[in-house]
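Engineer: kindly return the folded structure for what I paste below:
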Amino acid sequence: EYTQTGGDSDIKATIAAFNKNKASTTDHSKLKELEGPFFSGPEVTKACLGCHNKAGSQFIKSLHWTWKYKHPITGQELGKSTLINNFCTNARGNEGMCAQCHAGYGWKDNTFDFTNEENIDCLVCHESTGTYDRTPTSRGNKACSIMFEGKKPIEWAKVAQSVQMPGRNNCGTCHFYGGGGDNVKHGDLSSALFNPSKKIDVHMDSKGLNFACIVCHVDDEGHKWAGSRYQMHAKDEKGQGKPGIPRQRATCESCHSSLPHSKFTLKGIKLNGHADRVACETCHIPKIAKGGVATKIDWDWRTMGKLKDGEGFKLKEYTQGDGEHRATYKSIKGDFVYDENFNPHYAWFDGVMNYTTIDTKFDPAKAPIDINGFTGDFNDQKSRIWPFKRMHTTQPYDKGNNTLVYMHLWGEDDASLWGNYDFGNAIKVG
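Structural biologist: Take a look at the predicted model:
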């Protein structure tokens with residue numbers, strides 16, 4: 001008759017509280033304002049903002065809209081609009097392709113109006129038919145034309161009338177496919193989470209707790225979701241909120257407390273003794289790339305540009321656990337290596353990431369260069385042992401300035417790498 005903190009009763013109370021909050025008082029399918037006809041996304045957004053008259057001003061301040069973030073500790077200017085990574089390298093200058101995952105309409109270049117609330121795409125986060133689809137905002141070269149093939153016209157009124165709180169399908173549309181494909185980038189965000197078993201994810205188990213992403217990544221301040229790619233909480237020292245009402249923080253401790261195991265057994269006491277130095281994920285997510293969906297672990301840009309009969313091609317020589325064949329070579333990108341169900345890389349982490357930006361100078365002789373480096377130490381009480389996916393890439397850099405480079409990948413012009421295969425032009429324009 002006693003349930004410890006963080007036990008089943010608290011979990012069920014959390015779910016009940018979430019379900020109560022997400023139950024809408026409005027059936028959008030019956031709203032006259034959404035009957036249409038609509039001929040574009042901005043027309044739907046205008047109808048949405050007619051009732052949700054604060055949503056626009058809230059959203060244009062959010063990270064999903066600005067793609068900018070200034071780190072309060074390091075002072076670095078971060079965000080997708082400026083950073084370089086070791087996948088497709090940079091969104092800046094390639095907005096015509098990359099902005100298909102920006103929550104707005106029509107961002108093709110630096111003329112995009114970030115103050116126009118009607119440019120917001122409400123549907124990408126809120127529609128529930130599963131039929132809504134986005135393509136790049138500008139045409140690329142012939143090499144990328146497949147991205148526009150077989151796309152059915154969007155039934156704007158139908159998707160507008162289906163809106164609800166974001167589900168896994170909404171978040172996954174972008175976050176499961178970052179880096180150019182399913183599970184490519186993170187290793188723990190993949191299509192396997194659309195309908196996962198308990199073995200894949202204990203919280204999202206579709207026959208169990210069936211969490212949506214927003215159960216943990218709660219919206220606390222009007223379209224500002226808890227959790228950050230840039231300022232992480234390696235050690236949540238505040239812990240749990242009131243039973244059934246987790247704190248507005250996307251950490252394990254905010255629901256399960258900083259002492260998540262039994263306080264009345266030797267095993268539980270021993271495990272709780274580790275919780276201050278070992279992240280929950282280290283023990284409870286022991287493998288990367290589960291559910292039969294592989295993740296990319298190595299990318300070599302040097303081999304890109306090979307052609308057959310004057311045309312680009314791809315080779316699919318890796319078969320992952322679910323039977324899908326993954327590309328191991330693409331003319332527009334080079335060679336790839338995949339892996340699945342493998343052990344993470346473990347390291348001490350205090351939550352602070354240090355990013356190599358376009359302005360960061362480095363010593364090539366010390367390669368490999370940590371593009372996303374981090375700090376942490378055994379002697380630092382704010383650090384814990386965390387699991388990481390380590391990604392290795394061989395990519396171009398500026399040998400005169402010893403900096404990374406922007407590459408012009410996407411476009412219909414002669415300089416875009418994806419179609420013309422010339423690093424020199426692509427980097428010069430970038």
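Engineer: where do the helices of the stretch 1-150 of the chain begin and end?
Structural biologist: Under the criterion DSSP state H, counting those that start in this stretch, helices of the stretch 1-150 of the chain are mapped to 8-22, 41-51, 55-59, 63-66, 95-98, 123-126.
Engineer: which regions of the stretch 201-350 of the chain sit below the pLDDT cut-off?
Structural biologist: Across the stretch 201-350 of the chain, residues meeting the criterion (pLDDT under 70) sit at 242-248.
Engineer: mind running it again at 50?
Structural biologist: Low-confidence segments of the stretch 201-350 of the chain, defined by pLDDT under 50, are absent.
Engineer: now the strands: where do they sit in it?
Structural biologist: For the stretch 201-350 of the chain, the strands defined by DSSP state E, counting those that start in this stretch cover 295-300, 314-315, 318-319, 325-326, 329-330, 334-339, 345-349.
Engineer: from the centroid of the chain, which residue is nearest?
Structural biologist: Centre of the chain computed as the mean C-alpha position; nearest residue by CA atoms, centre = their mean is residue 175, 3.5 Å away.
Engineer: okay, the strands of the stretch 201-350 of the chain, which one's buried deepest?
Structural biologist: Looking across the strands of the stretch 201-350 of the chain with neighbours counted as mean count of other CB atoms under 10 Å, the highest average goes to strand 295-300: a mean of 20. Glycine gets a C-beta too; all of them are placed from N, C-alpha and C.
Engineer: what lines up beside that one in the sheet?
Structural biologist: The strands that strand 295-300 pairs with in its sheet are strand 334-339 (antiparallel), strand 392-394 (parallel) (by DSSP bridges).
Engineer: would you turn these into JSON lines with distance to residue 366?
Structural biologist: Below are the strands paired with strand 295-300 laid out as JSON lines (distance: least, CB to CB, whole Å):
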{"stretch": "strand 334-339", "distance to residue 366": "23"}
{"stretch": "strand 392-394", "distance to residue 366": "15"}
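Engineer: of all these, which lies closest to residue 379?
Structural biologist: Comparison of those against residue 379 by CB to CB identifies strand 392-394 as nearest, at 28.8 Å.
Engineer: what's the spacing between the closest one and its chain's center?
Structural biologist: The offset between the C-alpha centroid of strand 392-394 and the centroid of the whole chain comes to 20 Å, using CA atoms, centre = their mean, to the nearest Å.
Engineer: any buried residues in that strand, and which?
Structural biologist: Applying a neighbour-count criterion of 16 or more other CB atoms under 10 Å, one finds residue 393 buried in strand 392-394.
Engineer: that one: what's the following helix or strand?
Structural biologist: Secondary structure here is assigned by DSSP states H and E; on that basis, the next helix or strand after strand 392-394 toward the C-terminus is strand 397-398.
Engineer: quick one on the thing from earlier: nearest to residue 112, of the strands paired with strand 295-300?
Structural biologist: Per CB to CB, nearest to residue 112 of those: strand 392-394, 28.5 Å.
Engineer: could you list the residues in contact with that closest one?
Structural biologist: When contacts are defined by CB atoms under 8 Å, 6 or more residues apart in numbering, strand 392-394 is touched by residues 86, 87, 297, 298, 299, 300, 301, 302, 368, 371.
Engineer: OK, contacts around residue 370?
Structural biologist: Residue 370 sits next to 354, 356 when contact means CB under 8 Å, 6+ apart.
Engineer: next: residue 348.
Structural biologist: In this structure, residue 348 makes contact with 376, 377, 378, 380, 383, 384, 385, 386, judged by CB under 8 Å, 6+ apart.
Engineer: and it, what are its bridge partners?
Structural biologist: Each beta-bridge partner of residue 348 is listed here: residue 385, as defined by DSSP bridges.
Engineer: any idea how far it is from residue 361?
Structural biologist: 26 Å (CB to CB, to the nearest Å).
Engineer: quick one: which of the strands paired with strand 295-300 is nearest residue 95?
Structural biologist: In terms of CB to CB, the element of the strands paired with strand 295-300 nearest to residue 95 is strand 392-394, at 21.8 Å.
Engineer: I'd like the average pLDDT over the closest one.
Structural biologist: Regarding strand 392-394, the rounded mean pLDDT is 97.
Engineer: what about stretch 99-119, start to end distance?
Structural biologist: The first residue of stretch 99-119 is 12 Å away from its last residue (CA to CA, to the nearest Å).
Engineer: and the helices in the stretch 201-350 of the chain, which stretches?
Structural biologist: With DSSP H, counting those that start in this stretch, the ranges of helices along the stretch 201-350 of the chain come out as 253-256, 266-272, 280-284.
Engineer: in JSON lines: those helices, plus mean neighbour count.
Structural biologist: Formatted as JSON lines, the entries for the helices of the stretch 201-350 of the chain read as follows, by neighbours: other CB atoms under 10 Å:
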{"stretch": "helix 253-256", "mean neighbour count": "22"}
{"stretch": "helix 266-272", "mean neighbour count": "12"}
{"stretch": "helix 280-284", "mean neighbour count": "14"}
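Engineer: pretty sure residue 380 contacts residue 351?
Structural biologist: No: with contact defined as CB atoms under 8 Å, residue 380 and residue 351 do not form a contacting pair (10.5 Å).
Engineer: quick one: residue 30 from residue 164, how far?
Structural biologist: With CB to CB as the criterion, residue 30 and residue 164 are 14 Å apart.
Engineer: repeat that for residue 419.
Structural biologist: If you measure residue 419 against residue 164 using CB to CB, the figure is 39 Å.
Engineer: likewise for residue 324?
Structural biologist: Using CB to CB, which is the criterion applied here, residue 324 is 30 Å from residue 164.
Engineer: same thing with residue 61?
Structural biologist: Taking CB to CB as the measure, residue 61 falls 23 Å from residue 164.
Engineer: again with residue 137
Structural biologist: For residue 137, the distance to residue 164 (CB to CB) stands at 26 Å.
Engineer: ok, now residue 127?
Structural biologist: From residue 127 over to residue 164 (counting by CB to CB), the distance is 8 Å.
Engineer: quick one: which of the two has more around it?
Structural biologist: Neighbour comparison, residue 127 and residue 164: the larger count goes to residue 127, with 26 against 14 (by other CB atoms under 10 Å).
Engineer: so residue 169 sits in a strand?
Structural biologist: No: secondary structure of residue 169, determined by DSSP: H, G, I helix; E, B strand; the rest coil: helix, with no strand assignment.
Engineer: that one: what's it in contact with?
Structural biologist: Contacts were defined as CB under 8 Å, 6+ apart; by that measure residue 169 touches 128, 130, 194.
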